[in-house]
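Engineer: I would like the atomic coordinates for the input below:
(one chain, ligands or ions: 2)
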Amino acid sequence: MTALLSLKSIHKTFQKKTVNENHVLKGLSLDIDKGDFITVIGGNGAGKSTLMNCIAGNLVIDEGDILLEGKSIKDTVVKQRSAAISRVFQDPKMGTAERLTIEENMAIAQRRGKKLNLLWGVKDSDRLIFKESLAELDMGLENRLDVDTQFLSGGQRQALALVMATMTKPKLLLLDEHTAALDPKISNQVMELTEKLVNKHHLTSLMITHNMEHAIKYGNRLVMLDKGKIVVDLSGEEKDSLTVAKLIELFKKNTDGNLNDSQILG
Ligand SMILES: Nc1ncnc2c1ncn2[C@@H]1O[C@H](COP(=O)(O)OP(=O)(O)O)[C@@H](O)[C@H]1O
Ligand SMILES: [Mg+2]
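Structural biologist: Ligands and ions are numbered 1, 2, ... in the order given. Here you go, the predicted structure:
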């Protein structure tokens, strides 16, 4: 079976040929199958966000290849990849345009990868669809379609960002510590919502988290990154039987990253 996304020994170096040269991704290979929900953990600076930036096209890789359904996308730009690959960031401010209303943001998201034109406004038929998907969040946002997103809480904005990132059913959903900036309770709620949306749309997902409990609880596969390579890759029974204690052991054995409490419990 062809992997949905295949990373073939990718390399990324920052500030090449300077004293600050930093070889961050060092021949990283990963096959993501359709339907996978992979949680990614690793110490600070391991290269997790760099990996996402390379997949999304925000960074160009130096060596190796990135195949989407067997076709190389390594020379395409973010915009060309955005119909297939969508993303939610750690910062709730990144996911929505704060001076646009909820419905305007959703109308833009609906046109992901297509030509943008908001001159036509939001159609009534679309407004109904937006309302329905917001109602599922159970946050009352379905009655606030004309409110600018700057007036929403961090959790509401991340929930909206998730709905927007998934409404066009991307082939791959990238989540980069998207609950890390939220209170623990809200973070858990947004994770539950994440799982609900992933299941509803049958999405393939790659989720970076520093919350070990979330890394264990969610997804069918867990990978650990260290110094730009994957050092642990667990699925099936091996992943299902993980505990936080076991994962910390694995982390200590396979990385020289330092764990702090926030990395363990979020
Ligand atoms: N755009 C960039 N320019 C220069 N260095 C970068 C850039 N992005 C990341 N880095 C460096 O690459 C390393 C890995 O960063 P990152 O991928 O953000 O780590 P992680 O997300 O695992 O914490 C760090 O040393 C970081 O400073
Ligand atoms: Mg990061």
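
Engineer: show me which residues of the stretch 1-150 of the chain sit near ligand 2.
Structural biologist: 48-49 (CB under 5 Å from the ion). All C-beta atoms are positioned from the backbone trio N, CA, C, and that covers glycine.

Engineer: got any ranges where the stretch 1-150 of the chain has weak pLDDT?
Structural biologist: Residue ranges of the stretch 1-150 of the chain with pLDDT under 70: 113, 115-120.

Engineer: could you redo the last one with a cut-off of 90?
Structural biologist: For the stretch 1-150 of the chain, the stretches flagged by pLDDT under 90 are 1, 111-123.

Engineer: what's the closest non-adjacent residue to the residue of it found nearest ligand 2?
Structural biologist: Residue nearest to ligand 2 within the stretch 1-150 of the chain (CB to the ion): S49, separated by 3.2 Å. Nearest residue to S49, sequence neighbours excluded (CB to CB, 6 or more residues apart in numbering): D176, at 5.7 Å.

Engineer: tell me where the stretch 1-150 of the chain has strands.
Structural biologist: Here the stretch 1-150 of the chain has its strands, by DSSP state E, counting those that start in this stretch, at 5-14, 22-32, 37-42, 63-68, 71-72, 85-88.

Engineer: residues in contact with the third one?
Structural biologist: Counting by CB atoms under 8 Å, 6 or more residues apart in numbering, the neighbours of strand 37-42 from elsewhere in the structure are 32, 48, 51, 198, 203-210, 212, 214-216, 218-226, 247, 251, 255, 257.

Engineer: what are the pairing partners of it, and which direction each?
Structural biologist: Sheet pairing of strand 37-42 (DSSP bridges) gives strand 204-208 (parallel), strand 221-226 (parallel).

Engineer: do the same with the last one
Structural biologist: On the basis of DSSP bridges, the sheet neighbours of strand 85-88 come out as strand 172-176 (parallel).

Engineer: tell me the angle of the strand it pairs with relative to strand 63-68?
Structural biologist: Interaxial angle, strand 172-176 versus strand 63-68 (axes from the mean of the first three to the mean of the last three CA atoms, to 10 degrees): 120 degrees.

Engineer: state the mean pLDDT of strand 172-176.
Structural biologist: Here strand 172-176 scores 98 as its mean pLDDT.
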